[in-house]
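>>> Here's a sequence, model it:
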Amino acid sequence: MQTDAGNTVKDAQMMEARLQSLLGAAAPENRYRWAKEEKSQGRKVIGTVSPYVPEEMIYAAGMIPLRLWGSNQAALVKASAHRPPFTNSYHTRLLESLLSGELDFLDGLVATDADDSLKRMWDVWVSTKRTKFNYIIHVPNTDSNTAKGYFALSLRTFLSSLESFADVRVGSEALIESVNLHNLLRSLMRRVYELRKQRKITLSGAESLAMTTAALVMPKDLYSRELGALLPYLKIRKLKLGVAGPRILVSSDDLDDPAYVRIIEEGGCVVAMDDLDTGSRYCWCDVSSETPDPVQALATYYLTRPQTPRMLEWKRQVEVIIEACHEFQIDGVIELPILYDYPREWRVPYFAAELSQAGIPNLTIRRDYLLTNDAQMRTRTHAFIEMLSGRAK
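Below is the predicted model:
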């Protein structure tokens, strides 16, 4: 006869296996699995490459929004013929994925004019004629009332293009239903972040990044069900990291490889919070349900949620991170700009100076999209962590 203790152990093992399955959803071998399954059932799949693309609209039009990852191949055999080496490697590796046939299942691509590197990648992508639907959205670089109104007009035009391509009519009810589904997902993700405020964490920073990136590739309803079922277990899960070392916040864009975070944590710290478009910025607030116009609500949401450096409100962006440092008891910030990510590079000196003035130690390490030269990153981050550990003594 099974004892209560035996049942408890067995239940914990089952929940841990379920958690590991969710954490592996965005691994290279799994990341496009669900989109391909939906495609086999007759649904169109639309790739997105910018955090400013309103995936709620794509979903409301009956299609699958899918955040695209870059190629993991060592050599950029095809994309290098179209892009020089001194460009954002995420965009270059994404183009390599397309040209190598990895993304042949896509029906379309939606990008934004977030920066010039992305626009030039989009130009090449469209010229290949690999996808039937291609659309680029202009995003203002401020969140003034004028900008919100203009962006709403841009999104209405985008929605009309989606309707034409999918041969559907997307009414307010469908948009609101899609918004509610995404808001539920975001609220569940924030509950996981609440657990990271504890001194004794139950989820490492690398695991947290794996969990948030899973939301970008899995069906939203499936992800919400899985995360909702796992939350009680996450509250009591035991993690070897425990209260190890200083608490770090990592800031970057297009960071989808947990190995970067794992290297940092191997130095004897906990990455307790992040400032990532693939992490906290994706879920930190909800689309408002107070306005009867869901398109305007979406425009406001995408311009005012925690921003990327291409937006001009740098002071507010740093204030958000300083507030997070206090809320999550952060000891130091590590910024990881992708090489030739010019909007973030322009902000680096201001960012570092403002954090230092606020008394928050910080370190900037430029990185490639694909993890390379990990020895140098390990040396620099571990020295920074050692310095923070010395300050705490």
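>>> Only alpha carbons, please: show stretch 11-23 as PDB.
Taking C-alpha atoms only, stretch 11-23 is exported to PDB below (Å, rounded to 0.1, in the frame of the first residue of the first chain):
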ATOM      1  CA  ASP A  11       3.600  13.700  -7.000                       C
ATOM      2  CA  ALA A  12       6.700  15.900  -6.700                       C
ATOM      3  CA  GLN A  13       8.500  13.800  -9.200                       C
ATOM      4  CA  MET A  14       5.600  14.100 -11.600                       C
ATOM      5  CA  MET A  15       5.400  17.800 -11.200                       C
ATOM      6  CA  GLU A  16       9.100  18.200 -11.700                       C
ATOM      7  CA  ALA A  17       8.900  16.200 -14.900                       C
ATOM      8  CA  ARG A  18       6.100  18.400 -16.100                       C
ATOM      9  CA  LEU A  19       8.100  21.500 -15.200                       C
ATOM     10  CA  GLN A  20      11.100  20.200 -17.100                       C
ATOM     11  CA  SER A  21       8.900  19.600 -20.200                       C
ATOM     12  CA  LEU A  22       7.700  23.200 -20.100                       C
ATOM     13  CA  LEU A  23      11.300  24.500 -19.600                       C
END
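>>> Return the helix or strand in the protein with minimum mean pLDDT.
Taking mean pLDDT, DSSP states H and E as the measure, the helix or strand of the chain with the lowest value is helix 4-23, at a mean of 84.
>>> Walking through the stretch 101-250 of the chain, point out its strands one by one.
108-112, 133-137, 247-252 (DSSP state E, counting those that start in this stretch).
>>> wait, which of those is closest to residue 95?
With CB to CB as the measure, strand 108-112 is the member of the strands of the stretch 101-250 of the chain nearest residue 95 (10.8 Å). C-beta coordinates here come from the backbone N, C-alpha and C atoms, glycine included.
>>> Name the surrounding residues that touch that closest one.
The contact list for strand 108-112 (CB atoms under 8 Å, 6 or more residues apart in numbering) reads 44-50, 52-53, 58, 63, 68, 118-119, 121-122, 125, 131-139, 158, 165.
>>> Among those, which ones are in helices?
With helices identified by DSSP state H, the entries of these that belong to them are 58, 118, 119, 121, 122, 125, 158, 165.
>>> circling back to that earlier point, for the least confident helix or strand of the chain, give me every contacting residue.
Helix 4-23 has contacts (CB under 8 Å, 6+ apart) with 2, 207, 210-211, 214, 223, 226-227, 229-230, 233-234, 237.
>>> hmm, back to that, as CSV, the strands of the stretch 101-250 of the chain with distance to residue 321 would be great.
Shown next, in CSV, are those (distance: least, CB to CB, whole Å):
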stretch, distance to residue 321
strand 108-112, 23
strand 133-137, 26
strand 247-252, 7
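>>> so which of those strands comes closest to residue 369?
Closest of the strands of the stretch 101-250 of the chain to residue 369 is strand 247-252, at 10.5 Å (criterion: CB to CB).
>>> mean confidence score for that closest one?
Confidence over strand 247-252, taken as the mean pLDDT, stands at 98.
>>> still on that earlier bit, which of the contacts of helix 4-23 fall within helices?
Per DSSP H, the contacts of helix 4-23 map to helices at 207, 210, 211, 214, 223, 226, 227, 229, 230, 233, 234.
>>> which one of those is nearest residue 266?
Of these, the one sitting nearest to residue 266 (CB to CB) turns out to be residue 207, at 13.7 Å.
>>> Go ahead and confirm the closest one touches residue 265.
No. Under the contact definition of CB atoms under 8 Å, residue 207 does not touch residue 265, with a separation of 9.8 Å.
>>> Give me the more crowded residue out of the two.
Per other CB atoms under 10 Å, whichever of residue 207 and residue 265 has more neighbours is residue 207, with 25 against 22.
>>> if I look at the more buried one, how far off is residue 63?
Applying CB to CB, to the nearest Å, the value for residue 207 to residue 63 is 30 Å.
>>> do the same with residue 151
When residue 151 is compared with residue 63 (using CB to CB), they lie 21 Å apart.
>>> Tell me which residue is most central in this structure.
In the chain, the C-alpha closest to the average C-alpha coordinate belongs to residue 278, at a distance of 1.0 Å (CA atoms, centre = their mean).
>>> how far does stretch 161-180 stretch from start to finish?
Between the opening and closing residues of stretch 161-180 we find a distance of 23 Å, counting by CA to CA, to the nearest Å.
>>> Mind listing residues that contact it?
The set of residues external to stretch 161-180 that reach it, using CB under 8 Å, 6+ apart, is 44, 56-63, 108, 132-133, 135, 159, 287, 289, 292-295, 297-298.
>>> ok, and for that stretch, which residues are buried?
Of the residues in stretch 161-180, those with enough neighbours to count as buried (16 or more other CB atoms under 10 Å) are 161, 162, 163, 165, 166, 170, 174, 175, 176, 178, 179.
>>> so what's the third one scoring on pLDDT?
Going back to what we said before, that points to residue 163. On the pLDDT scale, residue 163 gets 98.
>>> And it, how far from residue 140?
Taking CB to CB, one finds residue 163 at 23 Å from residue 140.
>>> got it, and the second one?
Distance check for residue 162 against residue 140: by CB to CB, it reads 21 Å.
>>> now swap in the fourth one and tell me
In this structure, residue 165 and residue 140 are separated by 25 Å, where distance is defined by CB to CB.
>>> just the last one next, same as before
Distance, residue 179 to residue 140, by CB to CB: 21 Å.
>>> contacting residues around residue 334?
For residue 334, the residues meeting the contact criterion (CB under 8 Å, 6+ apart) are 248, 249, 250, 251, 264, 362, 363, 364, 365, 381, 384.
>>> what about it, is that helix, strand or coil?
With DSSP: H, G, I helix; E, B strand; the rest coil as the basis, the three-state label of residue 334 is strand.
>>> thinking again about what came up before, just the buried ones among the contacts of helix 4-23, please.
Burial by neighbour count, 16+ other CB under 10 Å: within the contacts of helix 4-23 this picks out 207, 210, 211, 214, 223, 226, 227, 230, 233, 234, 237.
>>> for the residues you listed, which one is nearest residue 345?
The shortest approach to residue 345 among the buried ones among the contacts of helix 4-23 belongs to residue 210, at 27.0 Å (CB to CB).
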